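> pasted the sequence and its predicted model underneath.
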Amino acid sequence: MFSTNNTSDTTSKDFDLMKKISGSYFVLPESEQKKRATLFFSITDEVGALDKCLQALKLADVNLTRIESRPSKTVELGYDFFVDLSEASLDKIKASLDNVTKLDVVREVNLIESSQTVTDSSDEKHTVWFPRKKIDLDTFAEKVLEMGQDLPSDHPGALDPEYRKRRYEITQLAKQYKTGMKLPHIEYTQEERDTWKTIYNSLKDAYKGRACSEHLHIFPLMEKNCGYSPDNIPQIEDVSNFLKDCTGFTLRPVMGLLSSRDFLNAFAFRVFHSTQYIRHSSKPFYTPEPDVCHELLGHAPLLADPDFAEFCQEIGLASLGVSDDDIKKLATIFWFTVEFGLCKEKNGEIRVYGAGVLSSKGELEYALSGKPELRPLSITETPVQEYPITQYQPVYFVAESFKSATEMVRRFAATLDRKFDVRYNPYTETVEVLDNKAKINQFAVEISNNIQRLTSALLRNQ
């Protein structure tokens, strides 16, 4: 569930003030970069509204490290703001939060603290913030760009009040979810199960001879272990537990579309943000946005494959702390692989592994019809290829294998404008920045120990 992240306009006076005070990615001195919290608030759209909020923060002696704005999800004709604060400002904002809450222009306030600790590395001094622990992903819950409960006028369910109400109920459960909680259980209605059944039966038949061998191997296992069937929409808790046993990937509920940066960052932790609502029953074979059918039928099966899981995590690790331009390129690679990728089987035949194709019978048939152009996955061409988002793809990229695609992403990551390397520590489930000799030496010791175990295993199995 990702999309391009654009800062929304508010009044010109407020927007100029916002840029003057915060900058695009304003970074505090290293001495103040310790822990992070995000202050979320919604305001009505009127001249000087943001000025009042910023003045309240100024009076509290609160330092801002970053500020973003988007059209409000809860306030009509209003705006949502996300303000990142330094550790030094946490106690101050807690003590003076009432000053912001009581403002006549403010409609909702929420303070989300992060456990992430920033090191004193000079290489990170001007780096965009990125999550270090799974709990840091909690800060993404409010930062949904669109869809979810908000439907555009051309959405099939836009004029259906019951459907909109249902979407709201499900997205609120995702909004309330925090790391460590039990995943929301959805009691799907008969109408929703009927929609799922129509899609399920159609796709399962279309997978034959078109879906990649990994997907065809794993899908029956998910029927056996996760409750996949024509008459049942699986719960993401069951799917997440299955994936964790297979590859360490887990699912996390999401309200709607995330920015490309937030969505890809989560992959570094082997976390996939999944919706739980389903498309409108009037058009079972069409959805303008990812829904539970797209997530569970398209994405989830391949996340149980070790090679594909490693490929996804490499994209996530590459996305941490890089520039907006590099995020766009990585999102494009993701689009032409995880969403709309084709691959070669061992016998040389071309098959589908992209979730956007695997969750659409029409595009599944079209992609292998000989009509679109097929090109080899490329480290130079793929990241900059333009693509449509509301029609079948005119160009698909073909990977030789998931392993070769992973190596391509690693080579591409080495070209990004980032002055440090990162690794994921599976024991602590944290991202570590390899920015000093001690960390690098520790990493080298772990690799050496693993090589010794590998050598021993090879000798025992000659």
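Nice, thanks for sending it over. Numbering: from 1, shown residues only.
> quick check: the residue lying closest to Phe269 once chain neighbours are set aside vs Arg423, distance?
Among residues not flanking Phe269 along the chain, Lys134 sits closest, at 5.3 Å (CB to CB, 6 or more residues apart in numbering). (Glycine included, C-beta is placed from N, CA and C.) For Lys134, the distance to Arg423 (CB to CB, to the nearest Å) stands at 15 Å.
> circling back: look at the residue nearest to Phe269 and say how many residues are nearby.
19 (other CB atoms under 10 Å).
> go on, Glu363?
22.
> show the subsequent helix or strand relative to whichever strand or helix holds it.
Following DSSP states H and E, one finds Glu363 within helix 361-367. Per DSSP H and E, the first helix or strand lying C-terminal to helix 361-367 is strand 373-376.
> so the residue nearest to Phe269 makes contact with Arg270?
No. Lys134 is beyond contact range of Arg270, at 9.5 Å (criterion: CB atoms under 8 Å).
> in this structure, what helix or strand scores lowest on average pLDDT?
helix 12-22 (a mean of 35; mean pLDDT, DSSP states H and E).
> neighbours of Pro284, how many?
18.
> how about the strands of the stretch 101-250 of the chain, start to end?
For the stretch 101-250 of the chain, applying DSSP state E, counting those that start in this stretch gives strands covering 106-117, 250-253.
> mind telling me which of the ones you listed the model trusts least?
Within those, confidence is poorest for strand 106-117, with a mean of 57 (mean pLDDT).
> alpha carbons of stretch 50-70, as CSV, please.
Provided in CSV are the C-alpha atoms of stretch 50-70 (Å, rounded to 0.1, in the frame of the first residue of the first chain):
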residue,chain,number,x,y,z
LEU,A,50,-0.9,27.1,11.5
ASP,A,51,0.6,30.2,12.9
LYS,A,52,-1.4,29.8,16.1
CYS,A,53,-0.2,26.2,16.5
LEU,A,54,3.4,27.0,15.9
GLN,A,55,3.3,30.0,18.3
ALA,A,56,2.0,27.6,21.0
LEU,A,57,4.9,25.3,20.3
LYS,A,58,7.3,28.2,20.4
LEU,A,59,6.0,29.4,23.8
ALA,A,60,6.6,25.9,25.1
ASP,A,61,10.2,26.1,23.8
VAL,A,62,9.6,23.0,21.6
ASN,A,63,12.1,22.3,18.7
LEU,A,64,10.7,20.9,15.5
THR,A,65,12.8,18.5,13.4
ARG,A,66,10.3,18.1,10.5
ILE,A,67,6.8,19.0,9.6
GLU,A,68,4.4,17.6,6.9
SER,A,69,0.9,18.5,5.9
ARG,A,70,-1.9,16.7,4.1
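> now that stretch: average pLDDT?
Per-residue scores along stretch 50-70 average to 76.
> identify each buried residue in that stretch, please.
Using 16 or more other CB atoms under 10 Å as the test for burial, stretch 50-70 gives 50-54, 56-57, 60, 62-70.
> now stretch 415-424: buried residues?
Across stretch 415-424, burial judged by 16+ other CB under 10 Å covers Leu416, Arg418, Asp421, Val422, Arg423, Tyr424.
> ends of that stretch, what's the gap?
20 Å (CA to CA, to the nearest Å).
> contacts made by it with the rest, please.
Stretch 415-424 is contacted by residues 121, 123-124, 127, 268-270, 313, 317-318, 320-323, 326, 430-435, 443 when judged by CB atoms under 8 Å, 6 or more residues apart in numbering.
> narrow those to those in strands?
If you go by DSSP state E, the contacts of stretch 415-424 have Thr430, Val431, Glu432, Val433, Leu434 in strands.
> report the buried members of those residues.
Thr430, Val431, Glu432, Val433.
> packing partners of the helix or strand harbouring Ser69?
Element membership of Ser69 [criterion: DSSP H and E] is strand 64-71. With contacts defined as 3 or more CB pairs under 8 Å, 6 or more residues apart in numbering; DSSP states H and E, the packing partners of strand 64-71 are helix 12-22, strand 78-85.
> any idea what sits nearest Leu85, other than its immediate chain neighbours?
Once flanking residues are discounted, Leu85 sits nearest to Ala37: 5.0 Å by CB to CB, 6+ apart.
> sec struct for that neighbour, please.
Of the three states, Ala37 takes strand according to DSSP: H, G, I helix; E, B strand; the rest coil.
> just the ones of the contacts of stretch 415-424 in helices?
Members of the contacts of stretch 415-424 lying in helices (criterion: DSSP state H): Gln313, Leu317, Ala318, Asp326, Phe443.
> for the third one, give me its contacts.
Think Ala318. Residues in contact with Ala318 (CB under 8 Å, 6+ apart) are Leu330, Val409, Arg410, Phe412, Ala413, Leu416.
> need the max-distance pair from the residues you listed.
The distance between the two most remote of the contacts of Ala318 (CB to CB) is 12.4 Å, for Leu330 and Arg410.
> of the two, who's got more company?
Ranked by neighbour count (other CB under 10 Å), Leu330 and Arg410 place Leu330 first, with 24 against 14.
> the more buried one should be in a helix, yeah?
Yes. Counting by three-state DSSP, Leu330 is found in a helix.
> residues in contact with it?
Taking CB under 8 Å, 6+ apart as the criterion, Leu330 is in contact with Ser260, Leu264, Ile315, Ala318, Ser319, Val322, Pro383, Phe412.
> now the residue lying closest to the first one once chain neighbours are set aside: how far from Phe263?
Taking CB to CB, 6+ apart as the measure, Ser260 lies nearest to Ala331, with 3.9 Å between them; neighbours along the chain are not counted. Ala331 sits 8 Å away from Phe263, taking CB to CB as the criterion.
> thanks again, I'm all set now.
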